Structures are given as C-alpha cells and as structure tokens.
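>>> Sequence below, structure please.
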Amino acid sequence: KTVAEAMPNLVVCQTNTVPTLNQILRRKSSDNKNKYEYDYVSGRSVPGDGRIDFAKSFPPNGFQYSTIELDSMHAKQFCWEEQGGSLRRIIDAVDEQCDNYKEEKQQTE
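Predicted structure coming up:
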C-alpha cells in the first residue's frame with residue numbers, strides 16, 4: 001500500500017470567508033542593520049481563514065478526505081462556538097471519521 005492508501009480518510013477543515021494574506025512584499029531596507037524589510041500588510045489577499053488560503057487547504061492528490069466548511073478564522077477554529085469558534089463541528093466530523101474508519105477496518109479483517 002502507498003502512504004495515501006494506508007491513511008484513514010482525512011477531515012479537512014476549511015474556511016473561505018476571511019481575507020488571507022498570501023503574498024509578503026520584500027524590499028531593500030534603508031536600515032544598515034537589515035538588508036531587507038518585509039511588508040505584511042500591503043500584499044495580495046485571497047479567500048481563506050486568515051492563515052491558510054482556501055486554494056492551498058486541500059491534501060495532496062491520492063489522499064481520501066472529506067471537508068467541513070467553517071465560518072471561523074484560523075485562530076478561533078478550536079474554540080467553542082460561544083467564543084466564535086467551530087470546535088463542536090470539528091469534533092463531530094472527526095468522530096464520524098473515526099466511526100467510518102473502524103467500520104471499514106472491521107470489514108477488511
């Protein structure tokens with residue numbers, strides 16, 4: 001079996017509603033101590049979760065996965081819903097994934 005075939009179905013948490021910087025601008029610094037300065041504000045933004053852009057949130061080809069769409073930003077995803085997170089949805093999806101994996105494993109034994 002390949003690594004992808006041996007892995008259980010992955011649960012991928014994704015958000016595409018938060019502007020996510022995916023380009024950092026670098027320019028020569030006027031400061032003699034540092035060769036470059038980095039601009040983390042003016043670069044291009046794309047849909048994502050504030051940390052990971054949506055287009056790059058998928059696993060490599062060959063891996064089986066299911067996705068859950070979240071509406072929280074990356075820093076809040078593992079917080080409870082009352083605090084702006086999505087933890088209950090993530091726990092439910094992972095529980096379902098574990099149950100499916102156990103069933104599939106029992107069927108192949």
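
>>> Show me how far stretch 74-84 is from its chain's centre.
14 Å (Cα atoms, centre = their mean, to the nearest Å).

>>> How about residues contacting it?
Applying Cβ atoms under 8 Å, 6 or more residues apart in numbering, the contact partners of stretch 74-84 are 13, 15, 18, 48-52, 70, 72, 85-88, 90. Placement of C-beta: from N, CA and C, glycine included.

>>> Can you pull up the most central residue in this protein?
Taking Cα atoms, centre = their mean, the centroid of the chain lies closest to residue 57, which sits 4.9 Å from it.

>>> Now do the contacts for it.
By Cβ under 8 Å, 6+ apart, residue 57 lies in contact with 12, 14, 48-49.

>>> Go again with 6 Å.
residue 14 (Cβ atoms under 6 Å, 6 or more residues apart in numbering).

>>> Now the lengthiest helix in the chain: buried residues?
Longest helix of the chain, by residue count under DSSP state H: helix 87-108. Neighbour-count burial for helix 87-108, counted by 16 or more other Cβ atoms under 10 Å, picks out 87, 89-90, 93, 97.

>>> now these in a markdown table, with distance to residue 61?
Shown next, in a markdown table, are the buried residues of helix 87-108 (distance: Cβ to Cβ, whole Å):
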| residue | distance to residue 61 |
| --- | --- |
| 87 | 29 |
| 89 | 26 |
| 90 | 24 |
| 93 | 22 |
| 97 | 20 |
